[in-house]
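>>> Requesting a structural model of the entry that follows:
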Amino acid sequence: MKSLTILRSAAVAAVFAAGAAQAQAQAQQSVITFNTLELSGFGGSVLDSYTEAGYKIDNNLFYGMSSPAQNTIAYAGSAGLTAAALSTTTMTRADGAAFSLDKISLANYISGLPGAYDVTFVGTKAGGGIVSQTFTVGSSNNFNNNFSNYTFSSFNNLVSASWQQGLFHTYQVDNIGASVSAVPEPGTYAMLLAGLCLLGFMRRRKNAA
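A predicted model of the protein is given here:
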């Protein structure tokens with residue numbers, strides 16, 4: 001009787017442990033900070049593509065992206081990523097996995113006109129279809145280049161996310177919060193299967209008694 005109790009406890013523990021491990025592996029969250037682009041002085045970086053935390057960011061123009069240095073008028077307090085006017089920037093997973101967007105920081109870069117303006121993000125879903133969301137950037141003083149935080153809604157199960165610069169207003173992005181569903185390791189499945197088998201064995205022994 002004591003051995004059956006021990007087996008039952010082991011089975012339950014294995015199931016719970018496997019469930020906890022699987023839940024922990026369900027989402028790998030990352031924040032793309034562009035910290036590697038941080039530069040002192042004037043000028044900045046010019047990029048053809050950028051990769052961080054397993055995410056790849058490209059632009060439809062050859063070397064169409066840039067990051068302002070700390071002593072430029074466009075610097076918004078931390079390294080950000082901007083792009084040429086009217087160009088489109090696209091974010092994907094380097095491994096091709098689906099991902100979700102949770103948050104982003106936006107700041108003005110260079111604007112030929114005063115006033116606030118809208119920035120629209122478009123996500124392409126893994127199963128087909130798109131989702132879009134528009135944020136308002138800037139104020140009456142477009143030289144107030146502080147990053148503001150925005151939250152995405154329903155930007156999940158994406159294969160890509162893209163945003164386009166305007167003609168008279170350009171902006172920069174920072175602190176992109178993203179997450180991707182992780183595949184549980186084989187050991188997690190083995191633990192779960194072992195626990196379920198033990199529970200099944202215990203139920204059969206109980207019914208046969």
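>>> Which of the helices and strands in this protein ranks last by mean pLDDT?
Here the helix or strand of the chain ranked lowest by mean pLDDT, DSSP states H and E is helix 2-25, holding a mean of 47.
>>> and the residue nearest the centre of the chain, what does it touch?
The residue lying closest to the centre of the chain (CA atoms, centre = their mean) is Ala178, at 1.3 Å. Ala178 sits next to Gln29, Ser30, Val31, Ile32, Ala53, Tyr55, Met91, Phe99, Ser100, Leu101, Asp102 when contact means CB atoms under 8 Å, 6 or more residues apart in numbering. C-beta: built from backbone N, CA, C; applies to glycine.
>>> picking that back up, ok, then the element right after the least confident helix or strand of the chain?
Proceeding N to C from helix 2-25, the next assigned helix or strand is strand 27-32, under DSSP states H and E.
>>> so where is the protein shaky, pLDDT-wise?
Applying pLDDT under 70 to the chain flags residues 1-26, 140-144, 182-209.
>>> hmm, try it at 80
Along the chain, segments meeting pLDDT under 80 span 1-27, 139-145, 181-209.
>>> Show me the domain layout of it.
For the chain, automatic domain parsing gives the domain ranges 2-25+185-208, 27-181.
>>> Return the most buried member of those.
domain 27-181 (a mean of 17; mean count of other CB atoms under 10 Å).
>>> Quick check: end-to-end length of it?
Start and end residues of domain 27-181 are separated by 4 Å (CA to CA, to the nearest Å).
>>> nearest residue to Ala97 other than its sequence neighbours?
Closest residue to Ala97 apart from its sequence neighbours, by CB to CB, 6 or more residues apart in numbering: Val180 at 5.2 Å.
>>> tell me which residues form a beta bridge with the one you found?
Beta bridges link Val180 to Gln28, judged by DSSP bridges.
>>> quick one: which helix or strand includes the residue nearest to Ser148 when sequence neighbours are not counted?
With CB to CB, 6+ apart as the criterion, Ser148 has its nearest non-adjacent residue at 6.0 Å, and that residue is Leu106. Taking DSSP H and E as the criterion, Leu106 maps to strand 100-111.
>>> Appreciated, that's everything.
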